[in-house]
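[1] No sequence on hand, only this structure:
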Ligand SMILES: Cc1ncc(C[n+]2csc(CCOP(=O)(O)OP(=O)(O)O)c2C)c(N)n1
Ligand SMILES: Cc1ncc(C[n+]2csc(CCOP(=O)(O)OP(=O)(O)O)c2C)c(N)n1
Ligand SMILES: [Mg+2]
Ligand SMILES: [Mg+2]
């Protein structure tokens, strides 16, 4: 058991899988010699050498095209897109090619590949380096979408993603890179599509993802002092979506609150609301409520960014108001 | 008053606006000499000449980059992206640049531009030429999103979009290009952000968009024979979203059914469900239900494509079942 | 059946011998007859969706078809019938795919624009301009990494040279010394626009080669022997670790861009000039001049004619795909469920 | 104040005269002092988020700053402080933007990577590699269409030449004969990777020029006089309808890529060599050798020093932006509402 940062958990997860499978290869901008611009991949070049850990030009379409072509011919590539905002320059390879080709070819090809990317705000990087793009990926049929919230989950879910025969968009919460957590020694492998109940309560269920999990927990603690007991569900993966756990937990409490870092429209929260209302409508004691970043580009200034992304205070206030009305 | 196809309405709408404003210019692949691959822009080159109607290389980033730069320095460009699936190769210009720059610059720049694109399935073009990408655009703050369902709306909404000071993603339903409708003579200008009640009923509200509007209407007629009277709401624009009309109509009937051509996850239907449940929960007599294309890439074969996209039969059956339970 | 074409001795870089030339002849006849049949079936409203024919461009596919090793990788575009067949994929399933039938190459799920047959090395046909060029780099990378000696070949058009993915793929292939051959089929037009009108250089591929540290290669795409020579040389270079090549093959499509297009934007004289350079009759005449018996070639033609009939029967007899296929194979577990 | 630098007579293509050279000197001092201050403030934890300095690359911005017409358009990258200031944007609001204050150039909403001042022709700083190059074509197109004689200038780095948008923009500018000047500041590195290791050609921009029908231009980016000459010539060409230019300016950044980077991946000898070629002391010495009094230059330096102090006070005094700004200006109506 050791304490590890979310940042270091990335390299540990990748190394664990590269050790067991020689066909796992890794490419991206500044990932090898420099160990990644977020220092998430330090040491991999040294351990696995320049044939398995490769620096690329600033050519995101080439990076993901190469990963795709390699995945369908025997390798298990991990590709890094430095900031998830940059998916916009290579979205065709993700959404039109990787996601669709298995279906279009009637199952002739598989894409055992992982695309890792730094996602989300909180670092004052402004509108083009802070987006939460989990909904971009969720809306494309054929992509799995994973967002870990702890160092332990980083390792376990990354290992599961690398072993998965389908393409996984693995979104790392940039704001969590320097957070720490306990991690056991030895091999860690988790399971995709499993949400985790990280707190139990009887009055309401808060569903969160990535950076928002810790805030939801803190908010739940505040609410507890005010007499409202909340379950907090860490979704961990959007596709596959653990609707069993979701529906069970929401049915138990009768209320659902979603906390999304992405801007509101077409966020995953809307999808959850539609699942919950369609399937357990008569278990609901009140309307599901979404707490999201407003539907705006993210501002750069620290003060403004803090207002935009759901804060513990906003989560608490919103839930309190809804529970009292 | 004349009968016009949806296809011809495009050219008429563009011509109407190019006549009144010399700063309206138009560019895209094969749009000038060839009049567009869907023949939607026939005659524009002849009337407005090669300085205002321009053929481009296969360079979607350059097309939209050029439109963006021109829009912020005095022109009102209309750009065509031939198939909306191709937004994936230029999504950065749309989502990161055009959508965000007004906000990032604190309002220093405006983007009076329209990006037109052929959208949706029904023509057996397969997974990379048939997507309904209205949710791609809706999820990006800073974009307006319009989808006309009739030739009249094509002209009026296109004119409104061209006159609008903000960027508008104008999605033309490819499957409707050869449909016809009555269109009055003279100038036609509509208003963005206004939904239209195209049928009134007391039992349920069906909300639809683009190609799905006619199907919803036909389904409503079938349901009427079975004694269920439906309101049909043609959303027409996703951003701005006419929530006033939406909430009013859903509150009246107590039931909402959305009919989406896009694959399910993170579709606009989920957004509508979350708005409706959050804001008029206690007016609901039963759970809102979404009818969507399954969360799969679209298959090419006619038989399969017809199974995938919501059909009149599926709409009717789903509503009937929900209303009876 | 066309599969036999891919047997026999491996290609050598250089001029094709008699046997290879006969194989190229046969392949061209196959592609021609097949696509003419596809066009007939389209007129009968049996081909669903769109389709893009390579009529007039067959020599390129045929030359690579015989020059490639059986485990090399082909990356085609929406105009991919020829390249798919040239790798030995049987006609029946390809035609059935165009008809949207369950016995189609991808059970009707992909359609004309996405022909794929992994067992024949056809790693897919791609309908978004340029996308397959970086993807071709990917399988070249895996071949390099795994030391298999396989080569990726990516075919594309003149109009495709102006999109970003082209640029990224070429640079990437060069710096990683990837075994990939990029083949630009310059048929002078993108869809309806002349490529020279929207391209900064005269030779859209060859004039860009130096931007990637590559030599400029232009070849007569209507001459199978010349094509073979350049194909086999570039494949050998790639296989031996010499990295990528960029080939510009000059050719012309006889018809319009796709089934909806009569191709009227092209000057009559230009069309006439290129029809006079139709690779099939030219090659037939050359082979005869070189001593091949007319009867042998006529025999091939008759043979292929029968094969196309058989393929047509096969395709027409195919069932309409059923609901079981709709939700099949989004994921590797065979299903389409996004929840658990 | 720096605004004065943009007054005076319009540029002429060719060698700069004494006045222009003094203006370039002053501008370089401004950029240098400003960015050193920005770095100090970062160390004091006052600069929020990231920032990318042009220390060592000032000559390029200074030369274009004096060569451009006051209504020309600048398109910068995330490394855009220098290009923004060089167009006459006052230091105070720029520094305040870095500090995330309400009196910032964009009220704190854009940050260091998105500096924009439309009134000074600075049409934005773009943080996605390559994106601004097609956008620069757009304002060049509008200038051409409206007949204004304005020119767009797009600055970018060596690493940027490998992304698709670069390719599309260059081809597009050439075929439409757009008045745009593309300026590659080749500082040898992308972030931490040497560009030569991931680029197929030696000169990442100049060796690609021919792919767009353009001449190859390489210039010493640390020599303001040489830069001025090439800048004014290319601007004049564009203004007179001669279309785009692609310039590769050789230079070096003194520090790391961004605030988080100490730049340790660079060989000591290389850093030393380039520090010895620091454009500021070199130019100072040259001006003195050419007869400018040392005291005059020292006067400029003192002056700029005061201006930087004043800008710092201005920035530090700025208020933290309030909630009213958060939902402002998503749309042209000033608001952020997506519903009605
Ligand atoms: C990104 C993208 N843009 C546009 C299209 C539409 N399109 C399909 S084929 C084509 C022309 C391609 O021309 P070329 O590369 O010369 O190939 P050819 O069709 O002549 O074989 C275009 C513009 C597309 N499929 N993808
Ligand atoms: C599409 C995209 N990919 C990657 C990045 C991350 N990134 C920011 S700056 C940079 C290096 C750019 O190098 P160069 O073009 O040489 O410019 P320089 O920073 O040296 O001025 C990279 C990779 C980005 N901003 N956008
Ligand atoms: Mg072509
Ligand atoms: Mg650089």
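    Noted; the coordinates are in hand. On a predicted model such as this, the values are computed, not experimentally measured, just so you know. Ligands and ions are numbered 1, 2, ... in the order given.

[2] Could you look up the SS state of the residue in the stretch 201-325 of chain A that ligand 2 sits nearest to?
    When scored by CB to the nearest ligand atom, the stretch 201-325 of chain A has residue A:300 as its residue closest to ligand 2, at 14.7 Å. Bear in mind the C-beta positions are built from the backbone N, C-alpha and C, glycine included. When classified by DSSP: H, G, I helix; E, B strand; the rest coil, residue A:300 comes out as coil.

[3] Let me see the contact set for it.
    Counting by CB atoms under 8 Å, 6 or more residues apart in numbering or on different chains, residue A:300 touches A:124-127, B:104, D:48-49, D:100, D:108-114.

[4] Mark which of those are part of helices, please.
    Among the contacts of residue A:300, DSSP state H puts residue B:104 in helices.

[5] Out of the contacts of residue A:300, show me where the pLDDT dips lowest.
    Minimum pLDDT for these is recorded at residue D:48 (85).

[6] ok, it touching residue D:96?
    No - using CB atoms under 8 Å, residue D:48 makes no contact with residue D:96, being 11.3 Å away.

[7] Residue A:53: what's it in contact with?
    A:25-27, A:31-32, A:41, A:44-45.

[8] Most neighbours among those, please name it.
    Ranked by neighbour count (other CB atoms under 10 Å in any protein chain shown), these have residue A:31 at the top, with 30 neighbours.

[9] So that one versus chain C, what's the distance?
    According to CB to the nearest CB, to the nearest Å, residue A:31 stands 15 Å off from chain C.

[10] ok but residue A:45 is inside a strand, no?
    No - using three-state DSSP, the secondary structure at residue A:45 is helix, not a strand.

[11] got the contact list for it?
    A:32-33, A:35, A:53.

[12] In strands only, show me those.
    Secondary structure from DSSP state E places residue A:53 of these in strands.

[13] Make JSON lines out of the contacts of residue A:45 and add distance to residue C:272 and pLDDT.
    What follows is those, written out as JSON lines (distance: CB to CB, whole Å; pLDDT from 0 to 100):
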{"residue": "A:32", "distance to residue C:272": "56", "pLDDT": "98"}
{"residue": "A:33", "distance to residue C:272": "59", "pLDDT": "96"}
{"residue": "A:35", "distance to residue C:272": "63", "pLDDT": "97"}
{"residue": "A:53", "distance to residue C:272": "57", "pLDDT": "98"}
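
[14] out of the contacts of residue A:45, who's nearest residue A:296?
    residue A:35 (34.1 Å; CB to CB).

[15] Now the closest one. Nearest residue, chain neighbours left out?
    Counting by CB to CB, 6 or more residues apart in numbering or on different chains, residue A:42 is the residue found nearest to residue A:35 once chain neighbours are left out, at 3.4 Å.

[16] Likewise for residue C:34?
    Using CB to CB, 6+ apart, the closest residue to residue C:34 is residue C:91 (5.5 Å).

[17] can you give me the strands in the stretch 201-325 of chain A?
    A:204-208, A:230-234, A:237-239, A:256-263, A:289-293 (DSSP state E, counting those that start in this stretch).

[18] looking at this, residue A:198 is in a strand?
    Yes - counting by three-state DSSP, residue A:198 falls inside a strand.

[19] I'd guessed it sits against residue A:232; true?
    Yes - under the criterion of CB under 8 Å, residue A:198 makes contact with residue A:232 at 5.0 Å.
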